[in-house]
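**Q** what's the 3D shape of this:
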Amino acid sequence: MPSVQSLSDNMQGSLWGMIAGAGIMVKSVLAILLAFSVLSWAIIIYKYRVIRKMEKESVAFLDFFWHKKRFTPIFEACVDYKFTPLAKLFAAGYNELIQLRMPKKESAGNSFTVGELDSIQRALKKAISHEISRLEKAVAFLATTGNTTPFIGLFGTVWGIMNSFMGIGLKGSASLAVVAPGISEALITTAMGLIAAIPAVVAYNHFVARINRMTVEMENFAVDFLNIVERELRKDKG
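**A** As a prediction, the model looks like this:
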């Protein structure tokens, strides 16, 4: 009775043998699917590390922000928070606030209009849009992989089955020995397409959920920032 190891070796040998004996079109499809899979896993690993660092830094920055409560030291510390978008969001709002208040200091006035507060809000919205685009970078490729690789694999399967039927016509025999090798080669592309697609779809949904949570956090932070600015400006006017 053959051992489990010998059965595994035979299966691996037959698998590689089928791939080696496949036609040029099937091999091309497998190469394309392999490229999709490798790129997808590279993106998954990279985005996972970046988003994890971003979330940790966001918690640390929020603690620092509410502990300090003074804009100048917070702005100076923003350079130490390279991954969290909240630091970039704060810097954008703070820079807009400074630009609006400098002319008023020169004219010895403290009045602040609603339009100027809207200007800070627009700067924050622009920063949020920029950070969302940065977070979503390369994630769309995972969706593309999940949507296209099964069909690319199916194309390879159809092509392989067509070749099998052509072989039947040439040999004039429809026995299992004639049909099985070609169909087995063809089905490898479908399996490879699913192997590339499934992790990409799971990772895409996972990253989108975490990006959406960070988007909500950025929007909440922008509201808090505007509320603090408005309160401080009312104090100055009072």
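**Q** For the nearest residue to Pro85 once chain neighbours are set aside, give its distance to Ile32.
**A** Distances taken as C-beta to C-beta, 6 or more residues apart in numbering place Glu131 nearest to Pro85, at 3.7 Å, with adjacent residues excluded. In short, each C-beta sits where N, CA and C put it, glycine included. Relative to Ile32, Glu131 is positioned 33 Å away (C-beta to C-beta, to the nearest Å).
**Q** cool, and Ala203?
**A** For Ala203, the distance to Ile32 - C-beta to C-beta - is 20 Å.
**Q** With Asn205 instead?
**A** 24 Å.
**Q** And Ile195, by the same measure?
**A** 13 Å.
**Q** Now do the helices in this protein.
**A** All helices of the chain, identified by DSSP state H, fall at 4-21, 24-68, 71-77, 85-106, 114-136, 139-171, 176-237.
**Q** ok, and the helix or strand in the chain with the lowest average confidence?
**A** One helix or strand of the chain scores below all others by mean pLDDT, DSSP states H and E: helix 4-21, with a mean of 53.
**Q** Taking the centroid of this structure, which residue is nearest it?
**A** Val139 (2.6 Å; C-alpha atoms, centre = their mean).
**Q** For Gly160, which non-adjacent residue is spatially closest?
**A** Gly160 sits nearest to Ala186 (C-beta to C-beta, 6+ apart), 2.5 Å away.
**Q** What does the pLDDT read for the closest residue to Leu117 other than its chain neighbours?
**A** Spatial nearest neighbour of Leu117, excluding adjacent residues (C-beta to C-beta, 6+ apart): Glu230 at 6.4 Å. At Glu230, the pLDDT value in this model is 82.
**Q** where does the protein have low pLDDT?
**A** Along the chain, the parts satisfying pLDDT under 70 run over 1-23, 102-115, 166-182, 184, 235-238.
**Q** let's see it at 90
**A** 1-30, 68-72, 97-120, 154-191, 228-238 (pLDDT under 90).
**Q** Looking at Asn205 and Ile32, which is more packed in?
**A** Between Asn205 and Ile32, counted using other C-beta atoms under 10 Å, the more crowded position is Ile32 (20 against 13).
**Q** isn't the more buried one right next to Phe155, touching?
**A** No: with contacts counted by C-beta atoms under 8 Å, Ile32 stays clear of Phe155, the gap being 9.8 Å.
**Q** still on that earlier bit, tell me which residues touch the residue nearest to Pro85, please.
**A** Neighbour list for Glu131: 85, 88-89, 218 [criterion: C-beta atoms under 8 Å, 6 or more residues apart in numbering].
**Q** ok, and the most crowded of those residues?
**A** Leu89 (26 neighbours).
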